[in-house]
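> Build the 3D model from these lines:
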Amino acid sequence: MRANTHFAFFDEGSKKEIRRATLKAVAIPGYQVPFASREMPIARGWGTGGLQLTLSLIGKTDVLKVIDQGADESVNAVSIKKLVQETTGVQVTDQTEEADLIQSRHRIPEIPLTKDQILVLQVPMPEPLRPVEAREYATKRMHSEDDYSGAWLMLFEQIVKYGKTATAADHPVYVNGRYVMAPSPIPRFDNPKMHQSEALILLGAGREKKIYAVPPYTAVESLAFEDYPFAVESFEGQECRLCGSAHIFLDELIDQKTGETVYQCNDTSYCMEQLNSTEKAGVENSYA
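Model prediction:
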């Protein structure tokens with residue numbers, strides 16, 4: 001931990017203000033709670049909302065994991081881990097099961113989270129109605145009146161134009177049967193992981209100054225029409241070229257040697273765990 005700095009960077013007053021907003025967000029699932037977003041030593045748009053949540057919640061005995069689009073070793077993930085570790089001295093890990101607090105950009109880990117964990121998602125645009133309504137006061141009124149016709153119209157226009165909903169990520173969800181929420185730019189594949197999740201899910205938008213949440217065991221339903229049901233990305237018949245895993249979110253890559261399309265686990269730590277498990281099983285079988 002750096003000398004002459006507050007634990008977790010913020011002064012206690014700042015942490016308390018963010019925690020109060022977080023408690024309100026947990027009490028009203030899916031509702032966007034305004035908060036006084038602080039200046040951070042990283043640029044807005046690089047995860048300041050999620051980082052402020054993490055810094056306000058982390059304790060000295062917690063174990064932290066940070067991922068960026070499934071990778072633990074990306075520039076964004078490494079930089080955030082370094083800042084948190086240097087201002088707290090906490091332990092960091094790449095293993096999902098070992099982490100108490102997980103901060104993520106654009107992915108929910110493949111390994112199911114538990115009731116003892118908190119997932120913090122970085123959010124660039126928290127307002128799901130912004131594509132159809134630019135005025136903040138108008139979107140607030142629409143939320144209060146439970147008027148989500150704009151969100152439905154957006155999906156309807158996609159169906160008319162493409163024959164299906166075309167939200168590659170950030171597909172809007174109904175939370176607790178009340179608020180329509182932007183789940184952050186996670187792929188559609190991850191939306192079902194929010195439904196009845198054992199872990200607390202917190203979402204922070206630093207630039208937009210909003211915090212919202214999905215408490216444990218909360219109903220989360222992706223918006224969809226009855227005749228055009230919600231569907232996740234399909235990787236049927238494909239598996240990771242490294243660990244052989246299937247039925248998970250895969251990255252589509254081009255093999256530089258052969259030019260062929262190959263698939264690989266997006267969640268790098270999950271892939272490494274599967275490889276280690278396979279190698280361990282192979283060693284045990286050799287001694288059997």
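> Can you pull the domain assignment for the protein?
What automatic domain parsing lists as the domains of the chain is 12-128+175-221, 234-288.
> and those, which is most packed in?
Greatest average neighbour count among these goes to domain 12-128+175-221 (a mean of 20), per mean count of other Cβ atoms under 10 Å. Yep, even glycine has a C-beta here, placed from its N, CA and C like the rest.
> ok, the closest residue to Ala219 other than its chain neighbours - contacts?
In space, and not counting its chain neighbours, Ala219 is closest to Asn176: 5.8 Å by Cβ to Cβ, 6 or more residues apart in numbering. Applying Cβ atoms under 8 Å, 6 or more residues apart in numbering, one finds that Asn176 lies in contact with Pro29, Gly30, Thr218, Ala219, Val220.
> from what I can see the third one touches Gly177, true?
No - Thr218 is not in contact with Gly177 according to Cβ atoms under 8 Å; the separation is 9.7 Å.
> Mind jotting down where the helices sit in the protein?
With helices called from DSSP state H, the chain shows them at 12-27, 48-57, 75-88, 136-144, 149-162, 191-194, 268-287.
> shared neighbours of Thr218 and Gly177, anything?
Counting by Cβ under 8 Å, 6+ apart, no residue touches both Thr218 and Gly177.
> mind checking pLDDT for Gln274?
Gln274 is assigned 93 on the pLDDT scale.
> make that Asn176, sorry
Listed pLDDT for Asn176 reads 97.
> Restricted to strands, list the contacts of Asn176.
Taking DSSP state E, the ones among the contacts of Asn176 that sit in strands are Val220.
> among the contacts of Asn176, which two are most distant?
Using Cβ to Cβ, the contacts of Asn176 reach their maximum pairwise distance at Gly30 and Ala219, which is 10.3 Å.
> Mutual contacts of the two, please.
With Cβ under 8 Å, 6+ apart, Gly30 and Ala219 have common neighbours Tyr174, Val175, Asn176.
> Tell me the one of those nearest Gly206?
Closest approach between those and Gly206, by Cβ to Cβ: Val175, at 21.1 Å.
> Contacts only, for the nearest residue to that closest one once chain neighbours are set aside.
Nearest non-adjacent residue to Val175, counting by Cβ to Cβ, 6+ apart: Gly30, 3.1 Å away. Contacts for Gly30 (Cβ under 8 Å, 6+ apart) come out as Tyr174, Val175, Asn176, Arg178, Tyr179, Val180, Met181, Tyr212, Ala213, Val214.
> Could I get these in CSV, plus columns for distance to Val63?
Shown next, in CSV, are the contacts of Gly30 (distance: Cβ to Cβ, whole Å):
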residue, distance to Val63
Tyr174, 33
Val175, 28
Asn176, 30
Arg178, 34
Tyr179, 31
Val180, 34
Met181, 28
Tyr212, 25
Ala213, 21
Val214, 22
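> nearest to Asp146, of the residues you listed?
Ranked by distance to Asp146 (Cβ to Cβ), these are led by Arg178 at 7.3 Å.
> Quick check: the closest one touching Ser144?
No - using Cβ under 8 Å, Arg178 is not in contact with Ser144, being 11.0 Å away.
> And the pLDDT for the closest residue to Leu53 other than its chain neighbours?
The shortest distance from Leu53 to any non-neighbouring residue, by Cβ to Cβ, 6+ apart, is to Gly204 (4.4 Å). The predicted structure scores Gly204 at 97 on the pLDDT scale.
> right, and Gly204 touches Leu55 too?
No - in this structure Gly204 lies outside contact range of Leu55 using Cβ under 8 Å: 10.5 Å.
> So the nearest residue to Gly70 once chain neighbours are set aside versus Asp251, what's the distance?
Once flanking residues are discounted, Gly70 sits nearest to Asn266: 3.8 Å by Cβ to Cβ, 6+ apart. Using Cβ to Cβ, to the nearest Å, Asn266 is found at 5 Å from Asp251.
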